[in-house]
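Q: Coordinates for the following, if possible.
(one chain, ligands or ions: 1)
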Amino acid sequence: MITKQIVLASRPNGMPTLDNFRFENVELDALKADFVELEGLFYSVDPYMRGRMNEAKSYVAPFEIDQPIEGAVIAKVTASESGNFKPDDIVMGWLYWQQKTISNSKELQKIDTTIAPASYYLGILGMTGLTAYFGFTDIGKPQAGEAVVVSGAAGAVGMVVGQIAKVYGCHVIGIAGSDEKAKRLKEEFGFDEVINYKTTKNINEAVAQCCPKGVDIYYDNVGGEISDAVIANINFKARIVLCGQISLYNSKEVPTGPRLEPRLLTKSVLMQGFIIGNYASRFSEGMSQLGKWVKEGKLKSTETIVHGFDKLPTALLGLFKGENTGKMIVQA
Ligand code: NAP
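A: This is a model prediction of the structure:
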């Protein structure tokens, strides 16, 4: 059987373009014992994939030129040689960007679509939800009444962080890239204030106005000048959760900013980075807590669904232009 796949055609220099990807037809392997045939339903596009397009060594290996891109995919079993899966089961796995694929069943996880729609397992009940939960609770150590600032607030991780912060009784300030996103965060997702970083002239002053007693927790998804402005308002014994630095992922040179260390030192601030894989042994705890909050209506999800397998590269590039609100997902 022939199927379509998307490979990395070339490495980007700065902002990636569609030319960095190529579509190819490949023949599927024969189905052997313990393997299943899958049809992709929902594909996750995530900012970390930009790092994998570079050659540089990191916590995940780079994508290889002329080899398929891979990521989290929700798929339907269409044929099975495994006792654990039958046709029509819905599974999640780290799979190639292929319309159909043959996968080792041991690398797949069955998902329960009676609890939540399948696509939630790529977002609020998946990697981005877990990232929000562990980064915020384990490193942020929130206390009721504290002032929390979240950058990248209208994205998959940020939106969940803000809602969890409300569950803990915090005062929550989001930073996002449009008035429409700001309105939704306040009206639908319970954020107290949202700063539009694209139209606000002085973000430092805007943060000071929203947090007159200083920022107790800064959950950072973007880095760069936005972080400089938030950290200028950091409080004594604050916690800075370094989750992502998306504003720097396409930089050709590392930009320099103000020296932050004296401020961190004099304010006794903890700044800690993390990779969600660090929490792998606690994923079931995170999933059950997130699932409980979703069921209780304390956490809401929103997704930007792009339709069509061929749109995967466009959707990935869209993350760097703010084209998503909530989790960006491609539906085949
Ligand atoms: P996302 O926020 O759903 O999507 C990216 C968003 O980032 C865009 O919608 C855009 O929103 C904003 N953005 C893009 N370029 C920007 C720039 N130059 N300056 C400021 N904002 C910019 O993505 P996500 O999946 O939730 O990931 C958020 C961050 O967490 C990323 O940095 C990601 O790498 C990181 N992450 C880390 C881990 C971990 O294990 N540490 C796991 C998952 C994600 P606006 O319209 O607001 O600009």
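Q: what's near enough to touch the residue lying closest to residue 298 once chain neighbours are set aside?
A: In space, and not counting its chain neighbours, residue 298 is closest to residue 167: 5.3 Å by CB to CB, 6 or more residues apart in numbering. For the C-beta atoms, the positions are set from N, CA and C on the backbone; glycine is no exception. The contact partners of residue 167, by CB atoms under 8 Å, 6 or more residues apart in numbering, come to 293, 298-299.
Q: Tell me the most packed of these, by neighbour count.
A: When neighbours are counted by other CB atoms under 10 Å, residue 299 leads these with 24 neighbours.
Q: what sits against the residue most central in space within the chain?
A: Residue closest to the average C-alpha location in the chain (CA atoms, centre = their mean): residue 128, at 4.4 Å. Residue 128 makes contact with 46, 122, 156-157, 160, 327, according to CB under 8 Å, 6+ apart.
Q: element containing it, please.
A: helix 127-134 (DSSP states H and E).
Q: quick one: average pLDDT of that helix?
A: Averaging pLDDT along helix 127-134 gives 98.
Q: so does the following helix or strand past that helix get close to the ligand?
A: Using DSSP H and E, the helix or strand that directly follows helix 127-134 along the chain is strand 147-151. No: judged by CB under 6 Å from any ligand atom, strand 147-151 stays clear of the ligand, getting no closer than 6.9 Å.
Q: between strand 147-151 and helix 127-134, how many degrees?
A: With axes from the mean of the first three to the mean of the last three CA atoms, to 10 degrees defining the directions, strand 147-151 sits at 160 degrees from helix 127-134.
Q: What ranges does the stretch 201-332 of the chain have for its helices?
A: Here the stretch 201-332 of the chain has its helices, by DSSP state H, counting those that start in this stretch, at 203-210, 224-231, 261-266, 283-295, 312-318.
Q: same question, the stretch 51-200 of the chain
A: Counting by DSSP H, counting those that start in this stretch, one finds helices in the stretch 51-200 of the chain at the ranges 127-134, 156-167, 179-187.
Q: Same list (those helices) but as CSV, adding distance to the ligand.
A: Formatted as CSV, the helices of the stretch 51-200 of the chain follow (distance: least, CB to the nearest ligand atom, whole Å):
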stretch, distance to the ligand
helix 127-134, 4
helix 156-167, 3
helix 179-187, 6
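Q: need those in JSON lines with distance to residue 239, can you?
A: JSON lines is the format used below for the helices of the stretch 51-200 of the chain (distance: least, CB to CB, whole Å):
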{"stretch": "helix 127-134", "distance to residue 239": "13"}
{"stretch": "helix 156-167", "distance to residue 239": "12"}
{"stretch": "helix 179-187", "distance to residue 239": "22"}
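Q: Near the ligand, which residues of the stretch 151-300 of the chain are found?
A: Residues of the stretch 151-300 of the chain lying near the ligand (CB under 6 Å from any ligand atom): 152, 154-158, 176-178, 181, 221-222, 226, 243-247, 274-276.
Q: Which members of the residues you listed are classed as buried?
A: For those, a burial check counting by 16 or more other CB atoms under 10 Å picks out 152, 154-158, 176-178, 181, 221-222, 226, 243-247, 276.
Q: Quick check: end-to-end length of stretch 171-185?
A: End-to-end distance for stretch 171-185, by CA to CA, to the nearest Å: 13 Å.
Q: That should have said stretch 124-140, apologies.
A: 19 Å.
Q: Could you do stretch 205-215 as well?
A: First-to-last distance for stretch 205-215 - CA to CA - comes to 13 Å.
Q: pLDDT on that stretch, on average?
A: Mean per-residue pLDDT for stretch 205-215: 98.
Q: in it, what counts as buried?
A: Within stretch 205-215, the residues scored as buried using 16+ other CB under 10 Å are 206-207, 210-211, 215.
Q: Make sure residue 268 is actually in contact with residue 239.
A: No: shown here, residue 268 and residue 239 do not form a contact pair, counting by CB atoms under 8 Å, at 10.6 Å.
Q: Compare these two and say which is more crowded by neighbours.
A: More crowded of residue 268 and residue 239, by other CB under 10 Å: residue 239, with 22 against 10.
Q: and the gap between residue 192 and residue 298?
A: Separation of residue 192 from residue 298 (CB to CB, to the nearest Å) stands at 16 Å.
Q: now do residue 160
A: Distance from residue 160 to residue 298, by CB to CB: 11 Å.
Q: For residue 12, the count of nearby residues, please.
A: Residue 12 has 15 neighbouring residues, counting by other CB under 10 Å.
Q: ok, and it, which helix or strand is that part of?
A: Assigned by DSSP H and E, residue 12 belongs to no helix or strand.
Q: what's the nearest residue to it if we skip its chain neighbours?
A: Nearest non-adjacent residue to residue 12, counting by CB to CB, 6+ apart: residue 20, 5.1 Å away.
Q: right, and the one you found touches residue 7 too?
A: No: applying CB under 8 Å, one finds residue 20 not in contact with residue 7, separated by 10.0 Å.
Q: For residue 72, which non-adjacent residue is closest in space?
A: Closest to residue 72 by CB to CB, 6+ apart is residue 44, at 4.1 Å.
Q: can you count the residues close to the one you found?
A: 26.
Q: and what of residue 179?
A: 12.
Q: Fine by me, thanks again.
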